[in-house]
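Student: based on what follows, work out the 3D shape:
(chains A, B and C)
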Amino acid sequence: MSGSVLLDIYDRLLKRFGPQHWWPGQTTFEIIIGAILTQNTNWTNVEKAIARLKKARVLNPAALFKTDAAELAELIRPAGYYNIKAARIKHFLDWLYKNHQGQLDRLNNLPADTLRQQLLSVKGIGPETADSICLYAFEKPVFVVDAYTARILARHRLIAPDDGYEQIRLAFESSLPRDVQMYNEYHALLVRLGKEFCRPNPRCSGCPLEDLPHETAPPPW
DNA sequence: GACCAGGCACATC
DNA sequence: GATGTGCATGGT
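Tutor: I've put the predicted structure just below:
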């Protein structure tokens, strides 16, 4: 794919929606936990769960490491899938303490590729969650692909319908400058666009990409 | 009441 | 290797 079309789309989205100020979290650890909690989940539900963790004063590695899974599950209940997500957070913390003495700083010192591979080895952290942590928690130049990204690009025939996560990620990383701030903003803008116009049942009227070639057919994309 | 949400692991074919 | 399913709350 030529990079110019991806740059054109980025310019349109930024002009239309403005900066999105992602990630909506204050600390590295909060961003990591948010990345796990938001798996297939509306962000407003994640906010409720984060607020409960803060109120319980456990939104830090040492405190959560000591919190048992059942108690953690109850705290994050509003985010949905709470039993699974509690286990995933526990897997991450077990890994962090076993391999990095519980120090997030040590992760920050790893090269992006190494950090990504290590995160992917944690059960419950898949490609999107790993990349979100790399980009938004540790400011590594890794492009985050999510369901909206794939749907938007497929609808505009910029990727094949059966392209996988890695293919889509590399499409962005190979044709855009390796720029953390741009990757940050671009992904956030694609989510914004997706929420407003590119749900499974699209509402193309008024979409900033409406004049580009696109499918209007319903699912799968 | 139906649809949808900033995925992932696992079973089955 | 592709495809299907469970996980769950809460907003529109």
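Student: middle-most residue in chain A, spatially?
Tutor: residue A:132 (4.1 Å; CA atoms, centre = their mean).
Student: from residue A:75, how far off is the residue lying closest to it once chain neighbours are set aside?
Tutor: Leaving out its chain neighbours, the residue that sits closest to residue A:132 by CB to CB, 6 or more residues apart in numbering is residue A:35, at 4.3 Å. Backbone N, C-alpha and C define where each C-beta goes, glycine included. Residue A:35 is 17 Å from residue A:75, where distance means CB to CB, to the nearest Å.
Student: can you list the residues of chain A near DNA strand B?
Tutor: A:22-24, A:34-35, A:38-43, A:45, A:80-81, A:84, A:123-130, A:132, A:136, A:146-148, A:191, A:194-195, A:199-201 (CB under 7 Å from any atom of the strand).
Student: for PyMOL, what selects the buried ones among these?
Tutor: Buried residues among those (16 or more other CB atoms under 10 Å), as a PyMOL selection:
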select buried, chain A and resi 22+23+34+35+38+39+41+45+80+81+125+127+128+129+130+132+136+146+148+191+194
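Student: can you list contacts of the helix or strand harbouring residue A:84?
Tutor: In this assignment (DSSP states H and E), residue A:84 forms part of helix A:82-100. With contacts defined as CB atoms under 8 Å, 6 or more residues apart in numbering, helix A:82-100 is touched by A:32-33, A:36-37, A:39, A:61, A:64-65, A:69-70, A:72-74, A:76, A:79, A:102-104, A:106-107, A:118, A:121-125.
Student: can I get that helix in CSV, CA atoms only?
Tutor: What follows is helix A:82-100, C-alpha atoms only, in CSV (Å, rounded to 0.1, in the frame of the first residue of the first chain):
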residue,chain,number,x,y,z
TYR,A,82,-14.1,-9.9,35.4
ASN,A,83,-12.9,-13.4,36.3
ILE,A,84,-10.9,-13.8,33.2
LYS,A,85,-9.5,-10.3,33.4
ALA,A,86,-8.5,-10.8,37.1
ALA,A,87,-6.6,-13.9,36.0
ARG,A,88,-4.9,-12.0,33.2
ILE,A,89,-3.8,-9.1,35.5
LYS,A,90,-2.5,-11.7,37.9
HIS,A,91,-0.6,-13.4,35.1
PHE,A,92,1.0,-10.1,34.2
LEU,A,93,2.0,-9.3,37.8
ASP,A,94,3.4,-12.8,38.4
TRP,A,95,5.5,-12.4,35.2
LEU,A,96,6.6,-8.9,36.2
TYR,A,97,7.8,-10.1,39.7
LYS,A,98,9.3,-13.3,38.5
ASN,A,99,11.3,-11.7,35.6
HIS,A,100,11.7,-8.1,36.4
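Student: that helix - what's its average pLDDT?
Tutor: Averaged over helix A:82-100, pLDDT sits at 98.
Student: after that helix, next one along is what?
Tutor: Next helix or strand after helix A:82-100 toward the C-terminus (DSSP H and E): helix A:104-108.
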